[in-house]
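The following comprises the amino acid sequence and a computationally predicted model.
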Amino acid sequence: MGIKLDLSPLDQSKKAGSEQVNPRGFALGTGHDTTKHSHVNKSKTDEEEALADAHMANLKMKKSWETALGPLKQAPVQGFMLYMSGNSVQIYSIMVTVMLFQNAVRGIASTQLAFARFETESKEEAGPKHTNSLLLPKIVYVFAQVVLIGLGLYKCHAMGLLPTSHSDWLSFLQAKTVAEYSSHDEFMFQFSCDACNKDITHVVKIACAVCKGADGEPLDLCVPCFAGGVETKGHLRSHDYIVKEGLDWPILESDWTAREELMLVDGLKLYGIGNYDQISTHIGTKTKEQVDDHYRRVYCSSELWPMPSTSATFNKLTSRRYVVRDPNPPMKKPDRSSASGPANHEIQGFMPGRDEFDQEFEQEAENPVKDMTFEDNESPEEISLKTTMLNIYNTTLDRRIERKKFLKDRNLTHDFRKLQNIEKKRTKDERDLLNRIRVFAKFQSSADFEEFTEGLMREQKLRQRIAELQEFRRMGCTTFTEAAEYEKEKYQRSVYKAAGLVNPINKLAGGRAPPPPIRGASSTLHRMSSTNSLSSGLQYHPSLQGNQTQPSTATPPIATLRNPKIPLNPLDISNADGVELLLPNEQQLCSNLRILPRAYQVIKETILREYAMKGGLTRKEARMLIKIDVNKTQQIYDLFVVNGWIQFGL
């Protein structure tokens with residue numbers, strides 16, 4: 001049974017009541033005017049649903065366009081992330097690029113699914129106006145994903161992951177077979193002297209016009225072997241010959257010789273493609289920019305790639321080019337300087353990064369002018385005074401610059417430790433002389449002062465050596481052996497004198513000089529015993545540097561002199577390792593001193609190397625260099641003098 005509710009006022013007319021819209025869910029009953037009310041409500045409900053469907057379709061279209069343009073809105077953010085990740089191949093950059101590719105491919109694969117919620121239920125419901133309206137948003141969506149993929153490909157190209165050069169496809173290419181080799185392509189081969197096997201590829205060589213080698217090529221000789229008339233492998237010095245100059249002619253470009261082309265190929269093998277800095281150093285006559293340009297233009301861009309094109313022709317009169325090293329070679333990359341902090345300073349107070357000192361010369365010079373100002377109402381006297389003060393300050397700055405220039409010219413700020421080590425290796429006389437003449441360094445350049453110093457030191461050595469030889473002559477010594485024996489006895493006598501003991505030699509001889517072991521030694525020793533200057537306890541240290549007499553600072557204990565140690569038996573080294581490398585007198589010395597041959601060879605190498613480095617070596621320096629018994633060091637030193645390995649006194 002239907003129930004009809006009518007809430008209109010009682011005085012409302014029938015027409016007004018008929019236009020009343022019934023609420024949703026209300027159904028008319030079977031009472032009066034039921035058919036008329038049903039028809040009106042149904043027509044209005046259809047209009048509302050049509051308007052709602054049209055509004056929903058427009059809303060879905062807007063949302064579909066937002067979905068289509070979403071990837072394009074993300075492109076700037078993705079590009080910024082790729083830019084910040086850098087172009088180096090590392091985990092973060094690879095991860096960002098892979099995620100970009102992955103999201104773009106997934107978006108293209110799920111295009112239909114992304115727009116499924118925006119599809120209308122049926123063509124009839126959407127109407128002809130909205131049929132296939134999502135095709136354009138889908139196209140834009142796919143295009144946006146393709147843009148992201150292109151952005152990722154550009155990133156891969158920047159990281160060098162895309163095969164965009166010829167070298168990336170070498171494994172898929174077949175190298176062209178060379179039909180034949182020309183006998184004039186000498187830059188493809190290595191030449192060696194058939195007599196001494198020295199490499200003569202890049203130098204002038206002599207080819208015999210008669211003899212042939214095992215490979216059928218002319219026999220090649222280097223210039224020294226040819227000048228010495230070497231005869232080998234059937235070659236006679238009377239044979240005709242051909243002079244072959246070095247590889248100094250161009251073969252691919254006019255400004256590149258065959259030698260430089262060969263060095264370029266060797267450099268590519270040694271250091272790899274792209275390392276043009278070290279390759280240019282290996283060549284020696286080209287910069288890295290020239291090497292890079294030449295390799296890309298001649299080799300990579302060749303029509304016969306990977307082989308260079310040899311079709312270029314050169315004028316025979318100008319085909320030979322003499323290679324001259326670049327007068328302005330590329331600057332070597334400076335070493336990365338340490339931070340300018342006190343812990344990193346080689347010289348205390350000097351900052352290498354700023355090239356300044358913590359305390360500059362005349363540090364207080366800035367105080368009078370730091371607050372100086374020029375006013376418009378100042379008198380001429382005040383302006384003149386301030387100008388004079390500024391001139392004084394500028395003079396101070398000039399003196400600072402001169403002192404810094406002095407330090408830089410002599411590398412006193414950067415090679416201080418090296419110069420300090422060299423200073424320590426000088427003898428006491430050399431250090432004293434250097435301290436006296438340093439005042440003249442500011443009047444000379446670094447090279448002139450060094451030459452001046454070396455001249456004075458050489459003069460001092462010569463004077464000391466002359467005085468030493470004159471003393472030997474006065475004492476009757478005519479050979480270096482006699483001089484060495486004289487020095488030994490002189491040193492022993494001074495030691496006994498300083499200890500207040502009697503020389504055992506004089507005691508055995510009744511206070512008189514013993515018979516001379518060598519010519520002139522007895523008179524020498526007798527003069528020593530009667531000379532007041534030698535009885536004063538002074539000690540003389542002979543040396544190649546020519547040190548003068550100085551007071552003895554190392555007097556042996558009295559108990560040691562009164563109770564000398566019993567000498568040990570000689571060591572048997574006949575089966576020792578390395579004994580066959582020693583001379584007979586060296587073997588005897590090692591046996592007496594009880595030193596193994598290998599240890600003696602180390603001592604020998606150390607002394608001779610130091611002598612070669614310094615140009616001279618004294619006994620005192622040898623004792624300081626070899627930390628063993630001083631008597632053993634002295635005997636080893638004397639043996640080197642006798643064998644002629646060390647020049648005594650030079």
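Looks like it arrived, so ask away.

and Thr633, how many residues sit next to it?
By other Cβ atoms under 10 Å, 21 other residues sit near Thr633. Bear in mind the C-beta positions are built from the backbone N, C-alpha and C, glycine included.

Would you map the strands across the stretch 351-500 of the chain?
Assigned by DSSP state E, counting those that start in this stretch, the stretch 351-500 of the chain shows strands spanning 356-357.

And stretch 93-107, what's buried?
Counting neighbours by 16 or more other Cβ atoms under 10 Å, one finds that the buried residues in stretch 93-107 are Ser93, Val96, Thr97, Leu100, Phe101, Asn103, Ala104, Gly107.

which sections of the stretch 101-250 of the chain are below the confidence cut-off?
Applying pLDDT under 70 to the stretch 101-250 of the chain flags residues 120-132, 166-167, 170-171, 173-190, 202, 214-216, 245-248.

Show me the helices in it, by range?
Secondary structure of the stretch 101-250 of the chain by DSSP state H, counting those that start in this stretch: the helices cover 111-114, 123-126, 135-158, 223-227.

Equivalent analysis for the stretch 401-550 of the chain, please.
Using DSSP H, counting those that start in this stretch, the helices assigned to the stretch 401-550 of the chain run over residues 416-425, 428-437, 446-474, 480-499, 504-508, 521-530.

Including mean pLDDT, mean neighbour count and distance to Asp255, could these go into CSV?
Output for the helices of the stretch 401-550 of the chain, formatted as CSV (pLDDT from 0 to 100; neighbours: other Cβ atoms under 10 Å; distance: least, Cβ to Cβ, whole Å):
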stretch, mean pLDDT, mean neighbour count, distance to Asp255
helix 416-425, 74, 11, 41
helix 428-437, 84, 13, 51
helix 446-474, 88, 14, 36
helix 480-499, 82, 18, 62
helix 504-508, 52, 13, 82
helix 521-530, 41, 17, 75
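
For Ala312, which of the ones you listed is the nearest?
Taking Cβ to Cβ, helix 446-474 is the member of these nearest to Ala312, at 47.6 Å.

what's the closest one packed up against?
With contacts defined as 3 or more Cβ pairs under 8 Å, 6 or more residues apart in numbering; DSSP states H and E, helix 446-474 has these neighbours: helix 428-437, helix 480-499.

make it 6 Å
In this structure, helix 446-474 makes packing contacts with no helix or strand, judged by 3 or more Cβ pairs under 6 Å, 6 or more residues apart in numbering; DSSP states H and E.

pLDDT of the longest helix anywhere in the chain, averaged?
If each helix of the chain is counted by residues according to DSSP state H, the longest one is helix 34-85. Helix 34-85 carries an average pLDDT of 79.

domain assignment for this structure?
As assigned by automatic domain parsing, the chain contains the domains 49-164, 186-300, 344-425, 428-465, 475-562, 579-642.

can you tell me the distance between the two ends of the longest one?
So the one you mean is domain 49-164. Start-to-end span of domain 49-164 (Cα to Cα, to the nearest Å) is 60 Å.

burial count for Gly616?
When counting by other Cβ under 10 Å, one arrives at 19 neighbours for Gly616.

secondary structure class for it?
Secondary structure, DSSP: H, G, I helix; E, B strand; the rest coil: Gly616 is coil.

measure it to Glu423 for me?
Distance, Gly616 to Glu423, using Cβ to Cβ, to the nearest Å: 17 Å.

Compare the helices of the stretch 401-550 of the chain and report which one is nearest to Arg237.
Distances from Arg237 to each of the helices of the stretch 401-550 of the chain were compared using Cβ to Cβ; the minimum, 45.8 Å, belongs to helix 480-499.

Run through who's touching the longest strand along the chain.
As far as residue count goes, and with DSSP state E defining each element, the longest strand of the chain is strand 205-212. The set of residues that contact strand 205-212 without belonging to it, under Cβ atoms under 6 Å, 6 or more residues apart in numbering, is Pro218, Leu219, Asp220, Leu221, Phe226, Gly234, His235, His239, Asp240, Tyr241, Ile242, Lys244.

for those residues, which one is nearest Leu69?
Leu69 has its nearest neighbour among the contacts of strand 205-212 in Lys244, at 75.0 Å by Cβ to Cβ.

Can you tell me, leaving aside adjacent residues, what's nearest to that closest one?
Of all residues beyond its chain neighbours, the one nearest Lys244 is Lys205 (5.0 Å), with distances taken as Cβ to Cβ, 6 or more residues apart in numbering.

Then Lys286?
Using Cβ to Cβ, 6+ apart and skipping the chain neighbours, the partner closest in space to Lys286 is Ser280 (5.3 Å).

how near is Thr313 to Leu252?
Distance from Thr313 to Leu252, by Cβ to Cβ: 11 Å.

of those two, who's got more company?
With neighbours defined as other Cβ under 10 Å, Thr313 and Leu252 compare such that Leu252 has more, 22 against 7.

Make sure that one is actually in contact with Tyr299.
No. The pair Leu252 / Tyr299 is not scored as a contact, 8.8 Å apart, by Cβ atoms under 6 Å.

For the two, list the residues in contact with both.
Residues touching both Leu252 and Tyr299 (Cβ under 6 Å, 6+ apart) are Pro308.

what would the domains of the chain look like in TSV with distance to Pro308?
What follows is the domains of the chain, written out as TSV (distance: least, Cβ to Cβ, whole Å):
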stretch	distance to Pro308
domain 49-164	21
domain 186-300	5
domain 344-425	45
domain 428-465	47
domain 475-562	61
domain 579-642	49
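
Of these, which is nearest Pro570?
domain 579-642 (4.3 Å).

circling back: give me the buried entries from the contacts of strand 205-212.
Neighbour-count burial (16+ other Cβ under 10 Å) is assigned, among these, to Pro218, Leu219, Asp220, Leu221, Phe226, His235, Tyr241, Lys244.

on that earlier part again, name the residues of the longest strand of the chain that are buried.
When neighbours are counted by 16+ other Cβ under 10 Å, the buried residues of strand 205-212 are found to be Lys205, Ile206, Ala207, Cys208, Cys211.
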